Structures are given as C-alpha cells and as structure tokens.
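Q: turn this into a model:
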Amino acid sequence: MKYKFSLPFILVFIVNLQYGFSQSPNTLWFKQPAQYFEESLVLGNGKMGASVFGGVTSDQIYLNDATLWSGEPVNPNMNPEAYKHIPAIREALKNENYKLADQFQRKLQGKFSESYAPLGTLFLEFENVGDPKNYRRELNISEAISKVSYEVNGIKFTREYFISYSDQIMVIKLKSSKKGTLNFQVKFESQLKNSVSTVDNMLKAKGYAPIHAEPGYRGNMPNAVVFDENKGTRFATQVKIKNSDGKLTASDQSVGLSGGTEALVCISVATSFNGFDKNPATQGLNAELLAGNQLKKAFSKSFDKLKKTHLADYQKFFNRVSLNLGKTDAPDLPTDERLRRYAEGKEDKNLEVLYFQFGRYLLISSSRTPGVPANLQGIWNPHLRPPWSSNYTTNINAEENYWLAENTNLSEFHWPLLSFIKNLATTGKITARTYYGVNGWTVCHNSDIWAMSNPVGDFGTGDPNWANWNMGGAWLSTHLWEHYQFTQDLKFLKNDAYELMKGAALFCLEWLVEDKNGKLITSPSTSPENIYKTPEGYVGATLYGGSADLAMIRECFQQTIQASKVLNQDAGFRSKLEEALSKLYPYQIGKNGNLQEWYYDWEDQEPQHRHQSHLFGLYPGNHISRALTPDLANACRKTLEIKGDETTGWSKGWRINLWARLLDGNHAYKMYRELLKYVEPDGVKTNYARGGGTYPNLFDAHPPFQIDGNFGGAAAVAEMLVQSTENEIHLLPACPDVWENGSVNGICARGGFVVSMEWTNKAITKMSIYAKTSGKTTLCFGDVKKEISLKKGQTMELSW
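A: I've put the predicted structure just below:
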C-alpha cells in the first residue's frame with residue numbers, strides 16, 4: 001500500500017468510465033405527458049413541492065407546502081390516567097393471559113394523527129391547435145430542473161420548471177419558436193376551502209386546511225374531514241406572469257398571455273404555520289404577506305439569475321457524491337420502458353446509479369424545513385385523506401427516510417428530523433408520564449407536524465399490534481448519535497443531542513421491569529405490526545420482553561453511555577445505564593436457527609411479514625455484526641431466509657441494508673433489482689396485491705407511493721460500497737459481482753471521514769480519504785488493514 005498526504009484538501013475526482021451512448025445516470029424522460037400522479041415529475045426546495053404532468057393542451061401541477069397539515073397544536077394530556085391500567089396489563093401478562101392483556105392495552109390509546117394536506121393544483125391551459133410531435137418530458141436530477149418540449153404545426157414549444165430554495169419560488173419558462181404563438185391561461189383549484197381572485201394581472205388564492213382529517217384507512221365515516229373558518233392553517237398562493245411580448249390577460253379567476261413568444265410564470269406559496277406549539281389561526285404567520293414578499297423579490301430578477309442561483313445552491317449538495325458502476329450496454333429508452341426492460345433481468349447499470357442519485361435528489365428536495373421532516377410521501381401528496389395520513393410513522397418509515405442522510409453526504413438535510421425530535425420530546429414527556437407512569441420522553445406509532453406522541457387508536461378502537469408500540473423515542477434518539485458519529489460535531493452533541501438522548505434512555509430505564517429470572521424486559525410489549533401465535537393457538541400482539549423493544553433499548557443505552565463518556569459528564573446516570581444494560585434479557589435463537597422475535601420461541605402468524613424490527617441491532621443499529629456477534633448475525637440471516645425476499649417497497653429497502661450488513665452483496669443486489677420492479681400507476685384505486693417496486697417516475701411503490709423505499713434503497717447502495725464503525729472503515733464490504741468495476745466519490749464514514757475510490761475486478765486501484773476533523777481510523781479491505789491518522793482538512797491518497 002502506498003499513500004501520500006495533500007494539504008489543504010482538494011476534492012479528488014476519479015475519472016469515471018465512459019457512459020457512451022447509453023442511458024444518462026441523471027435523467028428521467030418520457031415520450032408522453034403524465035396521466036397519473038405516479039408518472040409525474042416532482043420538484044421541491046425542501047418546503048414547496050410540485051408534481052408536474054407536462055400536458056400539451058393542459059398542464060396540471062400539483063402544489064404542496066411541507067407545513068400545510070390539518071389540525072392545530074395537540075393536547076398531549078388527552079388521556080391523563082391511562083398509566084393506571086399498566087398494573088392490570090402486567091398482571092395479565094404475568095398470568096400468561098395474553099388475550100386479556102390485548103384487551104387492556106386498548107385503554108392505553110389516544111387520538112389519531114393529523115394529515116398532510118394538498119395545497120392545490122395549478123393549471124396551464126394552452127391554445128395549441130394540432131397534434132403534437134416529438135414530445136419529450138424530462139427531469140434532470142443533477143440540476144433539479146424539469147423540461148417539456150414538443151412541436152405543433154412546425155412550431156416548437158418548450159417549458160422549463162424549477163423550484164428555487166434561495167428565492168423560495170417556483171419558476172416556469174415558456175417559449176415558442178415562432179413569434180406571437182404562445183397563448184395560455186393560468187388557473188388554480190384546491191380541495192381545501194379557498195377563494196381565488198386576480199389583482200393587477202396577479203392570480204391570488206387563499207384558504208385554509210381542515211381542523212381535522214381522519215386517516216384514509218378508516219374508510220367512509222361522518223365528519224371524516226372537518227373545516228372551521230376560524231381554525232386551521234392558512235395558505236396563500238400567488239402567481240404572476242412576466243412577458244417579453246404579447247398581451248397579459250386576466251379574468252376573475254385566471255391570468256394569461258396572448259400572442260406572446262416567451263414568458264416566465266412565477267409561483268409563490270406560504271402558510272401560517274409558526275411552530276408545532278403555535279395556533280396557526282391565532283398565532284400564525286401572515287401567509288399572504290409571505291407569499292407576496294417572496295413573489296415580489298423573485299419577480300424583479302431575470303430568469304438567468306434565478307436559474308443560476310438555483311443551480312449554485314442545489315449542486316453544491318448534489319455534486320458531493322458521484323457513482324459509476326462500470327460499462328453499460330443498455331439502450332437509451334424512456335424511463336418507463338427502461339424499467340420494463342430492467343424487470344426482464346437485463347443489464348442497466350446507469351438505472352441503478354439513477355435510482356441511487358434519485359434518492360439523494362428527493363432528500364434535498366423534501367427536507368430543508370427545520371422541525372418539519374420529510375413525511376411518508378416526502379412533500380408530494382395530492383390527496384385530502386392521503387394513505388396513512390402521509391404522516392410520520394415512527395416504527396420504521398420516518399427513520400428510514402433519513403438512512404441516507406449521513407453516508408451519502410447530505411448531513412445538513414438530516415436537521416429537519418433532528419430538530420423535530422426536540423419537539424417530540426416536549427410532548428413526549430407528557431406521554432411518558434400519563435400513559436406509562438415514568439419519566440423521560442417517548443413517541444409512539446404515529447406523529448404529525450404538531451409533534452403528537454401518544455399511542456393512536458381513537459381511545460380503544462385500534463389494534464394493539466400497531467396502535468400501542470411505544471419505542472419511537474429510543475429509535476429516533478439513535479439518529480442524534482449517528483449525526484455526531486459522522487460529523488464529530490461536539491457542539492451539537494453537547495447542546496442539542498445529549499439531553500434528548502438521555503431523556504429517551506430515561507424513559508426506557510424506568511419502563512423496564514424484571515422477569516421471573518431477574519432479567520430486564522419491557523411489559524407490556526409489542527413488535528411493530530406483527531402478531532404471534534402461542535402453542536395454545538392464541539393469536540395476539542401484547543406480550544412481555546419483545547426482542548425489538550430490547551434491541552432498540554440496547555442501542556439507545558449503548559449510545560447514551562458513549563455520549564456521556566465523550567462529553568465526560570453524567571457518570572451517575574451512565575452507571576445506571578451500564579448496570580441495566582448488563583441485566584437486559586439476552587437475544588434468543590429459536591429452534592429454526594432464527595433470531596426470536598418474541599420472548600418465547602413462538603411462531604409468527606405470518607412468517608413472511610414485512611416488518612423485521614427485531615433485527616434492528618444488525619441494521620440500522622450496530623451491535624450485531626458478523627465480526628463481533630457471529631451467532632446472532634447468522635440467526636439474523638436465517639430470519640431473512642425464512643421471511644423471503646418478496647415484500648413491500650420500504651421493507652425491501654430495509655432488507656437490502658440488512659443483507660449488506662451480512663456482507664452478502666449478491667443477495668443485496670438481487671433485492672435491489674427487485675426494488676426496481678416496474679409497477680403500473682395506481683390511478684383511482686391502489687392495487688395492494690401487486691407488491692412493492694417502482695412506479696414510472698421512480699417513486700417507491702409500497703404500494704401505494706411511500707418515499708421511504710426510495711431512501712432505504714439509496715442508503716443500501718452506499719452500505720454495499722462503504723461501511724464504518726467508530727474505529728474502522730470497510731471498503732467494498734458487500735460489493736456485488738456485477739459491480740466488479742466502478743468508482744465512487746464523496747461517501748461519508750463514521751469518524752468524520754469522506755471516502756472516494758476506484759476499483760477494477762473488485763480490487764481497489766485508487767483511493768482518497770478526507771478528514772472533516774482530526775482523527776484516526778483503520779481502513780479495511782479484504783484481509784488488509786491500515787491504521788491512518790489525519791488532521792482536519794487533510795486528504796490522504798492511497799494506492800492498493
């Protein structure tokens with residue numbers, strides 16, 4: 001091994017292999033407009049979202065704002081004496097009366113979460129006469145710009161769309177190749193209560209979200225959506241056209257251009273949301289004023305300046321990571337045809353790169369609002385009662401959204417979730433006390449923008465197998481430690497993370513009880529959305545000592561102990577955690593060689609169930625590994641073999657990461673290919689029987705659309721190429737055989753390091769490692785290990 005240092009740091013760009021005439025790894029494109037949401041091309045600036053259909057005579061654009069939800073600040077004290085039922089549940093469990101325990105669990109439930117709302121739909125209606133030819137619709141994720149082009153009667157029409165974070169504006173540039181042939185009207189509609197007017201050639205819409213929206217899965221019911229003109233979050237949309245020629249037109253509810261050649265349409269949106277604990281109707285921001293100010297500032301700038309600013313902002317994040325997976329012979333096809341071809345088992349390495357980078361694109365585009373993380377659908381939702389309320393589901397989905405934040409070099413985009421945790425801890429302290437009779441904080445199965453933390457179920461109607469899970473605080477707290485491990489930001493650990501980690505650990509510490517052998521367990525316990533079958537034939541959810549609970553508590557305790565040591569504080573609390581950690585009920589390996597999900601070696605009612613929460617310690621946790629706990633790692637492998645590979649989109653994303661942690665790159669790749677299985681758009685009604693995969697616009701199909709599978713799949717690609725612990729960085733640990741040649745730049749590792757490398761025949765030929773802060777690590781490739789030490793800002797280049 002040879003190496004040299006370079007100071008200061010100069011980012012090393014490894015020369016990529018040529019893509020030739022094959023597909024671009026950065027562009028989605030189609031030969032026709034979108035008919036369905038799952039075919040639209042999405043844009044976003046981390047707050048405003050747009051789903052562009054690209055129609056010829058009428059282009060519809062679904063608009064969203066990350067802060068537009070139903071509801072208002074939650075009352076976390078909604079079931080103040082729920083904790084008094086805990087002794088009865090524990091007594092029933094002690095007597096092995098699981099049916100009674102399930103019944104009593106329903107006493108520990110509260111309201112459902114609120115729903116993420118659609119803002120409205122913008123329509124661009126054109127006066128094109130004739131059949132379009134040479135139609136193309138595309139999204140370039142390296143620029144975050146969408147384009148549409150087509151010809152009518154020999155005249156070429158083009159549109160260019162982007163949403164600027166810097167200017168907080170959506171811009172559409174329209175152009176015709178023949179002077180005076182651009183004619184269009186702009187209209188706005190919304191499912192929310194709203195009014196539309198025009199003032200000085202400006203289209204203005206304002207309205208408000210429901211004060212409550214029931215989850216869609218509750219079906220048709222009275223008052224499923226409730227509006228109150230004096231309550232709820234306000235929104236405003238303002239649209240203005242900047243023309244180079246032609247005549248601006250306006251009616252009562254539309255603005256337009258007649259006889260033009262080129263024009264800009266600027267769209268500004270805003271809401272009154274002012275924080276999770278502020279009433280948006282009485283303490284909210286002035287949405288109309290905000291939208292107006294954003295529009296005024298942006299409108300004064302040229303298109304070139306707006307675009308340049310947008311690109312400079314976006315590309316400084318997106319360009320941090322590049323990936324090449326070797327030579328490809330795949331032909332240049334539209335993305336929907338490309339997915340169908342790939343589903344036949346054919347090679348398309350650039351599609352695999354595109355899916356990875358698309359995940360990064362989606363995170364940049366959906367996660368830039370402090371305290372408002374990307375939800376189940378990121379920020380793109382057309383439904384008034386969206387699937388699963390498009391909320392924050394904390395038993396996997398909200399966390400999976402952020403698995404790629406640190407290792408794919410998008411740490412800043414982790415912040416909306418990290419800051420949201422602080423909000424959850426505020427309401428979660430009351431939930432801990434009123435539902436469980438303990439200190440600290442926690443969050444249960446669902447949350448929303450109001451940081452709701454209680455167990456859901458509408459005060460007794462929810463099934464305990466999903467409604468009563470309460471380990472969200474323990475799981476979310478691990479994201480705080482992960483952020484520190486990748487950034488080595490001591491200030492963050494001390495001022496932001498530690499007290500939140502401690503609070504989550506305190507809840508777990510006081511929630512634990514001893515079993516009959518003196519081991520610490522949780523009681524009552526559930527395993528997310530899964531159910532067991534006892535030897536006597538009872539099928540239920542409530543038990544004691546569930547493996548998933550204890551896995552998350554182990555990780556939470558270990559990380560809080562480490563944080564206490566790093567900060568050299570809280571030795572007394574640390575010792576309590578260390579003692580409790582030593583007494584935790586250990587993992588058990590079942591008769592089939594699997595890692596037990598339940599305290600006893602019970603059967604699963606559904607052995608192929610989509611959740612695998614008890615494997616948390618393998619991934620996203622770090623306390624199970626082939627190197628340190630080989631027996632447990634093998635039991636995890638057996639569990640995955642029993643479950644099989646066919647599952648929903650987000651679950652497949654999780655399993656790919658699990659197989660990568662088991663260092664089985666070929667199995668991880670097999671499932672990565674399956675994640676990209678083509679799924680037709682849902683249209684009016686979702687077909688749940690089709691299984692998971694990928695829609696034409698590369699959205700993850702749960703089904704229906706959930707964005708977590710996109711994020712989990714992208715994270716898994718990075719996990720196949722680089723894995724790290726506090727002290728080691730493993731290079732190509734799960735690289736599949738089909739990726740025998742390639743290069744990657746900018747993947748992050750724990751310890752504050754950034755890795756770039758090139759490989760041939762799965763052997764590293766070039767490598768560089770950059771240190772964000774001074775530190776030591778051990779590089780591992782195959783049987784070779786090399787200890788290195790770097791100062792902050794230093795780069796080491798190596799030849800293997």
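
Q: would you map the helices across the stretch 201-350 of the chain?
A: 287-299, 303-318, 335-343, 349-366 (DSSP state H, counting those that start in this stretch).

Q: show me what the third one is packed against.
A: Packing partners of helix 335-343 (3 or more Cβ pairs under 8 Å, 6 or more residues apart in numbering; DSSP states H and E): strand 27-30, helix 349-366. For every residue, glycine as well, the C-beta is placed using N, CA and C.

Q: what does it contact?
A: With contacts defined as Cβ atoms under 8 Å, 6 or more residues apart in numbering, helix 335-343 is touched by 23, 28-30, 39, 330, 333, 348, 351, 673, 676-678, 694, 696-698.

Q: end to end, how far does stretch 356-375 reach?
A: 19 Å (Cα to Cα, to the nearest Å).

Q: can you give me the buried ones in that stretch?
A: 356-369, 371-375 (16 or more other Cβ atoms under 10 Å).

Q: and the residue nearest the centre of this structure?
A: residue 401 (2.2 Å; Cα atoms, centre = their mean).

Q: residue 468 contacts residue 109, correct?
A: Yes. When contacts are counted by Cβ atoms under 8 Å, residue 468 is listed as touching residue 109 (6.9 Å).

Q: sorry, back to before: kindly write the PyMOL command that selects the buried subset of the contacts of helix 335-343.
A: Listed next is the PyMOL selection for buried residues among the contacts of helix 335-343, using 16+ other Cβ under 10 Å:
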select buried, resi 23+28+29+30+39+330+333+348+351+673+676+677+678+694+696+697+698
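
Q: ok so, going back, please work out which of the helices of the stretch 201-350 of the chain is packed deepest.
A: helix 349-366 (a mean of 25; mean count of other Cβ atoms under 10 Å).

Q: and the pLDDT at residue 683?
A: Per-residue pLDDT puts residue 683 at 73.

Q: please apply the same query to the one 4 residues further on.
A: Looking at residue 687, its pLDDT is 64.

Q: one more: residue 554?
A: For residue 554, the model assigns a pLDDT of 98.

Q: how about it, nearest residue that isn't a chain neighbour?
A: Once flanking residues are discounted, residue 554 sits nearest to residue 623: 5.7 Å by Cβ to Cβ, 6 or more residues apart in numbering.

Q: for the one you found, give me its contacts.
A: Taking Cβ under 8 Å, 6+ apart as the criterion, residue 623 is in contact with 551, 554-555, 558, 617, 629.

Q: so which of those is the closest to residue 416?
A: Among the contacts of residue 623, residue 555 lies closest to residue 416 (Cβ to Cβ), at 22.1 Å.

Q: which SSE is the closest one in?
A: Per DSSP states H and E: residue 555 is located in helix 547-567.

Q: so how far is that helix from its chain's centroid?
A: Between the centre of helix 547-567 and the centre of its chain there are 23 Å (Cα atoms, centre = their mean, to the nearest Å).

Q: and the helix or strand that comes right after that helix, what does it pack against?
A: Downstream of helix 547-567, the first helix or strand assigned by DSSP H and E is helix 571-583. If you count contacts as 3+ Cβ pairs under 8 Å, 6+ apart, helix 571-583 packs onto helix 498-511, helix 547-567.

Q: could you dump those to TSV with mean neighbour count?
A: Written out in TSV, the entries for the helices and strands packed on helix 571-583 read as follows (neighbours: other Cβ atoms under 10 Å):
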stretch	mean neighbour count
helix 498-511	24
helix 547-567	23
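
Q: make JSON lines from those and add distance to residue 134 to it.
A: Shown next, in JSON lines, are the helices and strands packed on helix 571-583 (distance: least, Cβ to Cβ, whole Å):
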{"stretch": "helix 498-511", "distance to residue 134": "55"}
{"stretch": "helix 547-567", "distance to residue 134": "54"}
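
Q: need the pLDDT of the closest residue to residue 212 other than its chain neighbours.
A: Nearest non-adjacent residue to residue 212, counting by Cβ to Cβ, 6+ apart: residue 226, 4.6 Å away. Per-residue confidence (pLDDT) for residue 226: 98.
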